[in-house]
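> Sequence plus the predicted model coming up.
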Amino acid sequence: MPIHAIVLLHVSPASPASKSNPAVKALDDAVLVSTGEPFASEPEAIAQVLDARFGELLEEHDDERGIFVLPDVANPSGRTYDAVLEEVGEGGMWIEPDLDADVAGFDLGGAPADFQALVGEMMGALGPGTLEALQRAVSAGDASALATATAALQKDLEKMPGGLGALQGRLQEAFGTDDDEAKDAGADAEADTEPKADTEPKAKKPPISG
């Protein structure tokens, strides 16, 4: 079985963001969060998942050193933030997440709020390692791996409420478009590509002298 990444956050276990998330385990003065990502993932990949799925919790975290990530097999027994840090020690690692709405390498800062929220839901629906596999395939330029990762991505997104059809509709709503507008835009684009009738009068050929 793969070893998954657990995140230690110095936030109040009584905060609404902590209580409302089933992936959160409360300690006395902190929480442990199950990310679902492999512990061997690149720190950037783990940070992206954290930003997308647990952004509200990250905003409450107050350790200037960053975010402490530990393997789930560590199973610490400490009940406080400092106790877990001391117990795991070099068995974990520090990462610095980006809280600027940078998801999967795309800057969403200027996107509509509804779209940013939807992207967060989509990221949360992805299975462990799906995003990392996709990024790795793109970086390597491996067409076969990219096809496999894309299929896994689509399979994960199909599990969202309503499937891919509902997801497409929500994406259109997030950007304020609907089917009629899409059809009109398509009709305009098609009209622009149609050959225009030649309305210029054709010049008469000069008579052939004999």
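Looks like it came in fine.

> Past the helix ranked longest in the chain, which element shows up next along the chain?
Criterion DSSP state H: the longest helix present in the chain is helix 43-60. Downstream of helix 43-60, the next assigned helix or strand under DSSP states H and E is strand 67-71.

> roughly how far apart are residue 50 and residue 43?
The gap separating residue 50 from residue 43 is 10 Å, by CB to CB, to the nearest Å. To be clear about C-beta, it is placed using only N, CA and C from the backbone, and glycine gets the same treatment.

> what does residue 11 give?
Taking CB to CB, one finds residue 11 at 20 Å from residue 43.

> of these two, who's got more company?
residue 11 (25 against 16; other CB atoms under 10 Å).

> Name the helix or strand for that one, please.
Here residue 11 is assigned to no helix or strand, by DSSP H and E.

> again, but for residue 160
According to DSSP H and E, residue 160 maps onto no helix or strand at all.

> List phi and psi for it.
phi -70, psi 160 (degrees, to the nearest 10).

> Spatially, what comes nearest to it if we skip its sequence neighbours?
Among residues not flanking residue 160 along the chain, residue 125 sits closest, at 5.1 Å (CB to CB, 6 or more residues apart in numbering).

> for the spatially closest residue to residue 45 that is not a sequence neighbour, what are its contacts?
Closest residue to residue 45 apart from its sequence neighbours, by CB to CB, 6+ apart: residue 132 at 4.6 Å. By CB atoms under 8 Å, 6 or more residues apart in numbering, the contact list for residue 132 reads 37-38, 41-42, 45.

> Which of those sits closest to residue 73?
For those, the minimum distance to residue 73 (CB to CB) is 12.1 Å, reached by residue 38.
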